[in-house]
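Participant: sharing a model prediction with you, sequence too.
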Amino acid sequence: MRHVSRQLLSGGAPDVAPLLLNKLLVHGECIGRIMEVEAYREDDPASHTFRGRTKRNAVMFGPAGHLYVYFTYGMHFCANVVTGADGSGAAVLLRAVEPVAGHEIMSHRRQGRPQLADGPAKLCQAFGIDARHNGADLLAGAGPGLFDDGTPPPDRPRISPRIGITKAVDVPWRWRV
DNA sequence: GGAACGATCTGC
DNA sequence: CAGATCGTTCCC
């Protein structure tokens, strides 16, 4: 199994997002197949980068292949794969993965709840992803990684507007298997 | 300095 | 459907 290529992530977020479906998120013994994603980019009112670079969103403006982790609602972390050219302020939000391995530890981290990773904050909790992983390189080294096991993205992913936002609510940048 | 608000989840 | 809970952002 090999890392996803940096090249694959170098395009615009709405182009890259559907290509991440069926890729594998790996962290420690936990493995999950990506089932749902959303795209965000700099000219997009719903994006954290819309109002320019800040300390919080700096990673999104960095090179593709790094992890942008943000804290929200006072208690949740969400994880994004940074895409596009260095300086472009775009990323793909990981909204859901299907657990492939590490069910036991995920279930423990999720306090026995049956839904392990079917939401952006739930998957971070299940995989033990938090602020320490903000900026991590997903394509090299230890820590969380993004892998390709040869499973292609779906030919006809479900496409719909993004969830939980209040701006650009009709932009259809949500893809799911 | 202060207030408003989340790319959410859970339990009622 | 409302409450939890706090860092970030924006406005005064």
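Facilitator: Okay, I see it. Numbering: from 1, shown residues only, chains lettered A, B, ... in the order given.

Participant: which non-adjacent residue is nearest the residue nearest to the spatial centre of chain A?
Facilitator: Nearest to the geometric centre of chain A sits A:L94, at 2.9 Å (Cα atoms, centre = their mean). Ranked by Cβ to Cβ, 6 or more residues apart in numbering and with sequence neighbours excluded, the top spatial neighbour of A:L94 is A:A79, at 5.1 Å. For the C-beta atoms, the positions are set from N, CA and C on the backbone; glycine is no exception.

Participant: in what helix or strand does that neighbour lie?
Facilitator: strand A:76-83 (DSSP states H and E).

Participant: taking chain A, what residue is nearest to DNA strand B?
Facilitator: Relative to DNA strand B, the nearest point of chain A is A:G164 (1.8 Å; Cβ to the nearest atom of the strand).

Participant: what about that residue, how many neighbours?
Facilitator: Neighbourhood size, A:G164 [other Cβ atoms under 10 Å]: 13.

Participant: give me phi/psi at it?
Facilitator: Backbone torsions for A:G164, taken as degrees, to the nearest 10, come to phi 80, psi 20.

Participant: okay, it: pLDDT?
Facilitator: Looking at A:G164, its pLDDT reads 96.

Participant: rewinding a little: assign a three-state SS to the residue nearest to the centre of chain A, would you?
Facilitator: Here A:L94 is strand, with the state taken from DSSP: H, G, I helix; E, B strand; the rest coil.

Participant: repeat for A:Q125
Facilitator: A:Q125 ends up helix, using three-state DSSP.

Participant: from what I can see it touches A:S107, true?
Facilitator: No. Counting by Cβ atoms under 8 Å, A:Q125 does not reach A:S107; the two are 11.0 Å apart.

Participant: contacts (any at all) between DNA strand C and the strand holding A:A79?
Facilitator: No. For a cut-off given as Cβ under 7 Å from any atom of the strand, strand A:76-83 has no contacts with DNA strand C; the smallest distance is 7.8 Å.

Participant: direction included, what does that strand pair against?
Facilitator: strand A:67-72 (antiparallel), strand A:90-101 (antiparallel) (DSSP bridges).
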